[in-house]
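> Build me a model from this:
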Amino acid sequence: MGRLVLVDAIGAAVLLGAWFFYFARYNRRKGALALRWVESACSSKGRVLDSHWLSVTLLQARFGFASHWFDNAKVTIRLRPRPIPFKWFVSAWHKQKETLTFEADLGCAPGFQLDVFRHRWLSQRHGNLTAGSRDWSVSRPGPVVLTTRTHWTQELSPVVNTLITSRGHNLISVRFRSESPHLAATVPLEALSDEHAAAGFLSVLRELAAGASASRQ
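Alright, predicted model coming up:
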């Protein structure tokens, strides 16, 4: 009996070990691919200086950009904890997204502090609606800005206008600070499905940086 338990324990350990190494390798390939797309999207304006894995789910890289782009740029890719089955299950249950966060300093520190979180409310047609409800008219409103600011300053307009355009719709959050890093933006990793999508993300970042610089003028 004890021998059977030992054999089962060894078998389970081997299975968990194989699971861990397979999905750790999967995460490494996925993270490296996303990093290559971002670097390729930079064209000749930026390149990866170095990269390292902080854990099996967290890849971080420093980027060097041409002048007038970004300073002290850093990219952090956060993946699902696939190598650890229980954590992966919890992550999937809570529908946690894999993300890429870009942080950098701007040529001139923003004269404001701003945190933007994008939310969407979706509704589905209920199966028990009565026939009379077909008389309802449905409208599709444009973006709605909910703010905690008591006064809306003109310097925020260029940044917010960029965020509500169609090209900025995938961003999860954006943060501006007067201290380093001046800009931090997070996007779902699934939105960077290829080099073209990564180029669009970098374009939005450039527009945000330009909007922040315009506020200093």
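> element containing Ser40, please.
Assessed by DSSP states H and E, Ser40 sits inside helix 2-41.
> helices or strands next to that helix in the packing?
When contacts are defined as 3 or more Cβ pairs under 8 Å, 6 or more residues apart in numbering; DSSP states H and E, helix 2-41 packs onto strand 46-55, strand 58-65, strand 71-78, helix 85-93, helix 195-214. The way it works is simple: take the backbone N, C-alpha and C, and place the C-beta from them, glycine included.
> Same list (these) but as TSV, adding mean pLDDT and mean neighbour count.
Output for these, formatted as TSV (pLDDT from 0 to 100; neighbours: other Cβ atoms under 10 Å):
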stretch	mean pLDDT	mean neighbour count
strand 46-55	92	13
strand 58-65	94	18
strand 71-78	94	19
helix 85-93	90	12
helix 195-214	83	18
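> looking at the sheet around the residue nearest the centre of the chain, what are its partners?
Geometric centre of the chain, nearest residue: Val187, 2.4 Å, by Cα atoms, centre = their mean. Val187 forms beta bridges with Leu100, as assigned by DSSP bridges.
> That one: what's it in contact with?
For Val187, the contact set (Cβ atoms under 8 Å, 6 or more residues apart in numbering) comprises 99-100, 102, 170-172, 201.
> least trustworthy position among those residues, going by pLDDT?
Across the contacts of Val187, the smallest pLDDT goes to Asn170, namely 80.
> Report whether it is found in a strand, as I expect.
No - secondary structure of Asn170 (DSSP: H, G, I helix; E, B strand; the rest coil): coil, not part of a strand.
> follow-up on the earlier one: which of the contacts of Val187 has the largest number of neighbours?
For those, neighbours were counted using other Cβ atoms under 10 Å, and Leu100 has the most, 26 neighbours in all.
> Quick check: which ranges of this protein have low pLDDT?
1-9, 119-145, 152-158, 165-169, 213-217 (pLDDT under 70).
> Please report how far Ala61 lies from Leu208.
20 Å (Cβ to Cβ, to the nearest Å).
> To clarify, my last question referred to Arg29.
With Cβ to Cβ as the criterion, Arg29 and Leu208 are 30 Å apart.
> Kindly report the same for Tyr22.
From Tyr22 over to Leu208 (counting by Cβ to Cβ), the distance is 38 Å.
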